[in-house]
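Student: Any chance you can model this:
(5 chains)
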Amino acid sequence: MIEASTDALLPSPGSRVRPVRDPFHGDLLEVSMGPHHPSTHGVFRMVATLDGETIVRLKPVFGYLHRNHEKLGESTTYLASMPYTDRLDYLCSMTNNWAYALAVERLIGQPVPERAEYVRVILAELTRLLNHTCLAGFLLQDCGASGTPLMYAFREREKILDLFESLSGSRMMCNYQRFGGCRVDPGAHWLAAASRVTEGYGRFLDEFEALLTGNEIMMARTQGVGPLSAKLAVAAGVTGPMLRAAGVAYDIRKVDGYGIYPRFNFRVPLGEHGDTYDRYMLRILEMRESIPILRQALAEIPAGPIMDPKARLRGLRPKAGESYGRIEGPKGEIGFYLVSDGTPNPYRYRVRPPSLINLTILEDLCLGRTIADAVIILGSVDIVLGEVDR
Amino acid sequence: MEITPEQKDELRRHGILLTSLEELYNWGRSHSVWPLQFGLACCAIEMIATSMARFDIARFGSEVFRPSPRQADLLIVSGTVTKKMAPQVVRLWNQMPEPKYCIAMGACAISGGPFKQGYNVLKGIDRYIPVDVYIPGCPPRPEALLNGLITLQAKISGQSISGPDAPRHLGSADSCEYPVPEFGGHDLEPPKNPDLWQPPAPARAPKP
Amino acid sequence: MLGTGLIKGLMVTAKNLAGSFHDPERLVTTEYPEQRTVLPQNYRNFPFLVTENAEDPMGTLRCVACQICEKECPPQCIYIEKSKDKKADAAGKMQIYPAVFDIDISVCMSCQICVEVCPFDAIKMDQVFEIATADRFTGLLLDRGQLSKPNSYFHQIHPTDAAEVDGRLAAERKAAAEKAKAAAAAAAAKAAASTASAPSPVKAPPPVSAPPPATAVPAIPPPVSPPPPPSPPPQP
Amino acid sequence: MPHAEPWLERAPLLLRDAVNALLPAPARWWVDSFLDIAVLLGVFGLLFAFLTLAERKVLGRIQNRPGPNRAGWGGVLQPFADGIKMLTKEDIVPRLADPILHFAAPVALVAFSLMSFAVIPYGRHLLALDMDSGVLYFFAAGASSELAVFMAGWSGRNKYSLLAAMRALAQLISYELPLLLSFVPVVMISGSLSPSAIVTAQGGWHLGFIPRWNVLTPWGFAGFAIFMVASLAESNRSPFDLPEAESELIAGHLTEYSGFKYALFFMAEYFGMCALGGMAVTLFLGGWQAPCAFLGFIPSYAWFGAKLLALLLGFIWIRATLPRLRIDQLTRFAWKFLVPLALVNLVTVGFWHLSASWSRGFDPLRWAIAIALVVIPFVAMGRRLSAGLGPRTYRFAAQ
Amino acid sequence: MNPAMETPEQIRDRLLARFPGAEISLVPNPAPGAQPSLCVGAAHLREAAVFLRDDDALRLDYCSNVTGIDWPKPGHLEVVYHLYSMALRHGPLVLRARTGNRADLVSLPSLTPVWRSCEFQEREVFDLYGVVFEGHPDLRRLLMWDEFKDFPMRKDYVEPPDYEWEPTAHDAVAAKAALQHPAAAAPSPAPSPEKT
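Tutor: Numbers count the residues shown, from 1 in each chain, chains lettered A, B, ... in the order given. Coordinates of the predicted model:
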């Protein structure tokens, strides 16, 4: 364990940092959780200062998975960055693909055929199911359930992964979307398989909720733990289910209406307390809302080309300019900001990482709580280190 | 009297189990490889998937993912090791008790993989710690990890506990502590462990 | 409340415990080394080079060393050196061929971009994933010999793709042959001796039906790619 | 039993007599004791080995997978592979650790949990040590394990271990009280602290077919439930596995233990589980008594074993399902819920004892009052404990 | 869908009216989206940001994205903020700020006091580009370790020499390796490989 670095630790504006006691007083214990810790979801590190088991200061430390995504994006072509986006948030490669494709399409003014838009919606919603399922499993694992919810979650995840694999060729690193459409056409066979998975998902959610949602221990652990106020959430740029759990109705699918989302009829669930339980339940509810979207998309998907015939695969040289494409990823707003200088490589390739920005308020949520709470609060933020550190 | 493997097979066929201490030792080790619960990046998700119901690494007795390195036998380096993370990985390796094994899972752990040109990415964990099995793939399928585990089990079973081929931990001179790199102003110091990492000379000069 | 939630949860697990003995939905394990999941056709792991003929893999590589894949490969794990000479390909047309074609699978990210950008259908994705090895340096650098696999293998792992590719190639070759024939006829009609048909574009090799001119063409002995010989390290 | 005991029932006695016959009288006491110890160690050692396997298998089945099945036939040899590996692992003692305590903690823990095995009556004739106050001895031995856990957590010089040690102390002391209170009713009813007497008192059948086990009375059921919850906590099992909370404290007090010392902790945990399960069987489930008269031909130790295994399976089942509590909730649960319930249960059992002389016709009334005495405090205190918690309804954004 | 927001031109004019003398210019964007951005001088950046956040017609309460860009050509570092409004559900407005140069005049006022979401992102820009944000509550390196001296996302950053084993080296890698191993990249490496 490395000691925390220097103490330039003034409270952030708006945070409820309690004044830290004199460090020479000697009654505080500093625990470095991570980068190798079972429930930091990767190589995240929190330096927690404890008074007993109560957290009086908690500083996240990043960068243990900083693999220079943005630098690499500047040194490769636009197309070559696509497979790298898979590895950002490695649970949701399809939505990352989409956000990146959207940014590039805006940069070069590339239309997308109707069928591809539908396929993108289907894949994005499947990704949402997958991500939220995994999150629920991991969160309950952090609560101390010994593997069972996670196992059930991964059992269902495998079904979606099978879909992804048979469509794109890879379980996790799909690299499926292209500027102006998608790579291969999902046949009728695949769409039928997707329908089967969609129809079976409600049953799984029922079972999963029966397992632990009504569980008294689970409620005691999560209700009232780490409440996030709407005001702080907006100021801190929190997005995604975390923001909506705090009661702010802001879903980019509704606000931006990117792709063909305005055609879909779905509701946006909102939390009231903004606590860990709300964050967990919001994900469950969003999954339940994703099912009708999937159903509608699978029923309405038109025939037609999957790629814009004029779209170019190689040799993309956008004119100098910039664009920002963002979508509602499962974790929040995933955005790509591209600056082109007319060369085949982006001049600046920036990823707006929802997980990193959602972590801004981690300390605020954890102060005054115990280590056990910090673990589940972190779990409910839903981070993936590939995206936090990039 | 020396017994050849053929004779032993013959005896086994007749129902006579002939087990040496060595075999028993290797059998025990190879069927009880407990991995460290240690995920780095994308491959970690596939590692988790391997321990889940569909693939079930438990069948090989390896589902006991221990969170503390003190109780683990196997370090699965599952993902990109950044330079910021490398000292911790080496430290974890040093904290594990012998006999211990290391699997480099996925391209990043082997060589830095797709991210090897990054400034903060270690170009292969074998620069600092000895790796027993390399599993290429990005990420390797869970089956590929199982295959790597089987390869490792075969490797353990093939070890002799004496003689020049004895595994590292049975040689007395070795301290089994690997130097932990330190953060420097521009890179890790040292950037590699020269005792471990001896790449063959480059096959060719870079293209002009 | 009052423990009903706990009991509900216990019932779920009990159902799964009982179900694991009779319901395949509740015992989903594929016992890997003995049983295998059927890999979908689209599954990709590492690239391989398609050869037309299993008998003579080095002589019938589809690859013409155009180096597009090398340029487009995101992690830059392909290394190609063009041959200095030309050699007849499977269709008998003289082509440049890759004197060296290495893929470092310790770097490859299985993204399939090389396959997408290849105009010759020469590189495709393999499905072999059981390649765990203890050999760091030579075991993970695949050379031309290890990479080349016959078209029949491609048919075996990606039947739909392979049929499509074969159809396309056959059509192209046929078109090229007709074009060549027409050109030849025109040329003959003109009887202008000096204008031989220019080298046709790479996309249009001669018809596949043409007999492999293995004897007619002064074939260079198929260069068996040697393992990269060591040379003194240039770096400190 | 009116008829002669079956051969199997007497088998242990016969074995002992056979051994004794070979020995001179002065050596008999020593040999008998050694025999007891050896059998206990052997049986529970094997039970420990196969319990780990069973846990992994059952957990696997609950999680839709088969669990270990490669080592040996269908995985039976898995524990032995683990054992061989554990025995041959390097034993690391951190440089800053207290080496003596670091060594003593696992040894003491196993020793304490083994001591508790002495007083449990495993069968009609199977009891290592027949003490008049065996139950007290049992809980005294069990309580000592707190010391060992604290030793383990403190000696490793690891922050996580230290936190775990603190948690362990808080947890184990909190749950000693409900554990002890929950068996007082049994003592009140059977009038003895001797385990064998308690088992004997549970012999026979109501109405000819309902066994007179303590668990089949209102107070007995409540006591049994409290006892089981408290023993889950005492043996650090999920949902009370806070000291080694994996997702929070790495491995808690075991963080710095490797090799066989770690295996000893593991062993102690399972021994503790077996001992507490065995005591629960003794106190509430009629010990070695058969549930029906006509099943009396099955030897008593088999009944004991079956009941013990059922309880252990329950432990595993619970572990597979429930998440973990937080330390403050854990202690609150003990002090504000279990202890008051256990105290109320004393009232219930007092009433039960006093009303024993009521005539047959009042039996339904007697049961109703006793059940009310159990259920009403349970509901009242449960509501208070879970005040503010509950399922929620969610609203949806208009746009 | 986004309700209409004032155009950047209108916003610039209102800002100029509110802060006379402030350096505020419109940066055109030739891409098809063609949304120009506002470049605000460091002196008035904080006030302009507060105005944008609190103005009733704008209410840009959500700073989504903070990007650093290195421009060695004109010779400055640039920080780009993408602003949205959660209250009025419109956006984005792209706000830019530029440092004086890339060597010593690299400080800009921090916008973390205005939008808390800038906290980590500004730290990241500081870490990777070396822009010093004045008034940031906790300006430390975010991703790299504290002892690190370089700013790796700048265009002129040179990576440390660790390209010992590059079996497929070419192009960019080769260029990097050549920088680090001049001997290997010399026109005629003495022991040339077997290439014919």
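Student: for the residue of the stretch 201-350 of chain A found nearest chain C, what are its contacts?
Tutor: Using Cβ to the nearest Cβ, the closest approach of the stretch 201-350 of chain A to chain C is made by A:G214 at 3.7 Å. C-beta: built from backbone N, CA, C; applies to glycine. Contact partners of A:G214, counting by Cβ atoms under 8 Å, 6 or more residues apart in numbering or on different chains, are C:4-5, C:8-9, D:391.
Student: What is the nearest of these to chain A?
Tutor: C:G5 (3.7 Å).
Student: Go ahead and list the helix or strand containing the closest residue to that closest one other than its chain neighbours.
Tutor: Of all residues not flanking C:G5 in the chain, A:G214 sits nearest, at 3.7 Å (Cβ to Cβ, 6 or more residues apart in numbering or on different chains). When elements are assigned from DSSP states H and E, A:G214 belongs to no helix and no strand.
Student: same check, this time on A:R350
Tutor: strand A:348-352.
Student: Of all residues in chain E, which one is nearest the centre?
Tutor: In chain E, the centroid-proximal residue (Cα atoms, centre = their mean) is E:G68; its distance is 1.1 Å.
Student: With E:V132 as the reference, measure out to it.
Tutor: Distance, E:G68 to E:V132, using Cβ to Cβ, to the nearest Å: 12 Å.
Student: Next: A:A236.
Tutor: With Cβ to Cβ as the criterion, A:A236 and E:V132 are 22 Å apart.
Student: again with C:P159
Tutor: Counting by Cβ to Cβ, the gap from C:P159 to E:V132 is 60 Å.
Student: Next: C:L6.
Tutor: According to Cβ to Cβ, C:L6 and E:V132 sit 55 Å apart.
Student: One more: D:N64?
Tutor: D:N64 is 55 Å from E:V132, by Cβ to Cβ.
Student: what about these two, which has more around it?
Tutor: Counted by other Cβ atoms under 10 Å in any protein chain shown, D:N64 and E:V132 do not tie: D:N64 has more neighbours, with 26 against 17.
Student: so where does that one fall, helix or strand?
Tutor: Using DSSP H and E, no helix or strand contains D:N64.
Student: near chain C, which residues of chain D show up?
Tutor: D:58, D:61-66, D:317-318, D:320-322, D:378-379, D:382-383, D:386, D:389-390 (Cβ under 8 Å from any Cβ of the partner chain).
Student: Cross the residues you listed against helices and list the overlap.
Tutor: Mapping these onto helices (DSSP state H) picks out D:58, D:61-62, D:317-318, D:320-321, D:378-379, D:382-383.
Student: Got the phi and psi for E:V79?
Tutor: phi -120, psi 130 (degrees, to the nearest 10).
Student: Skip the chain neighbours and tell me the closest residue to it.
Tutor: Here the residue nearest E:V79, using Cβ to Cβ, 6+ apart, is E:A97, at 5.0 Å.
Student: Mind listing the strands the one helix or strand the one you found maps to pairs with, and their directions?
Tutor: Assigned by DSSP H and E, E:A97 belongs to strand E:90-98. Strand pairing for strand E:90-98, determined by DSSP bridges: strand E:37-40 (parallel), strand E:76-85 (antiparallel).
Student: Now do it, average pLDDT.
Tutor: Across strand E:90-98, pLDDT averages out at 87.
Student: And for stretch D:198-208?
Tutor: Mean predicted lDDT for stretch D:198-208 stands at 79.
Student: same check, this time on stretch B:48-67
Tutor: 87.
Student: One more: stretch E:21-41?
Tutor: Rounded mean pLDDT across stretch E:21-41 is 84.
Student: repeat for stretch D:8-16
Tutor: In this model, stretch D:8-16 has an average pLDDT of 77.
Student: burial count for the one residue in the stretch 51-200 of chain A that gets nearest to chain B?
Tutor: Residue nearest to chain B within the stretch 51-200 of chain A: A:N68 (3.0 Å; Cβ to the nearest Cβ). A:N68 sits with 25 neighbouring residues when counted by other Cβ under 10 Å.
Student: If we ignore the residues flanking it in sequence, what's nearest it?
Tutor: Using Cβ to Cβ, 6+ apart, the nearest residue to A:N68 is B:G118, at 3.0 Å.
Student: quick one, what contacts that neighbour?
Tutor: B:G118 touches A:67-69, A:71-72, B:112, counting by Cβ under 8 Å, 6+ apart.
Student: From those, pick the one nearest chain D.
Tutor: A:R67 (25.6 Å).
Student: circling back to that earlier point, my read is the residue nearest to the centre of chain E is in a strand, agree?
Tutor: Yes - E:G68: assigned to a strand according to DSSP: H, G, I helix; E, B strand; the rest coil.
Student: Output the below-cut-off pLDDT ranges for the chain.
Tutor: Just so you know, I chose chain A. Low-confidence segments of chain A, defined by pLDDT under 70, span residues A:1-27.
Student: Hmm, no, I was thinking of chain B.
Tutor: B:1-5, B:7-19, B:163-165, B:169, B:171-176, B:201-208.
Student: Chain D contacts on that one?
Tutor: So far as Cβ under 8 Å from any Cβ goes, chain B lies against chain D at B:24-25, B:27-32, B:37, B:52-54, B:56, B:58-61, B:63, B:66-68, B:70-71, B:73, B:95, B:97-99, B:169.
Student: Switch the strands paired with strand E:90-98 over to JSON lines; also include distance to E:L143 and mean neighbour count.
Tutor: Converted to JSON lines, the strands paired with strand E:90-98 look like this (distance: least, Cβ to Cβ, whole Å; neighbours: other Cβ atoms under 10 Å in any protein chain shown):
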{"stretch": "strand E:37-40", "distance to E:L143": "26", "mean neighbour count": "22"}
{"stretch": "strand E:76-85", "distance to E:L143": "17", "mean neighbour count": "24"}
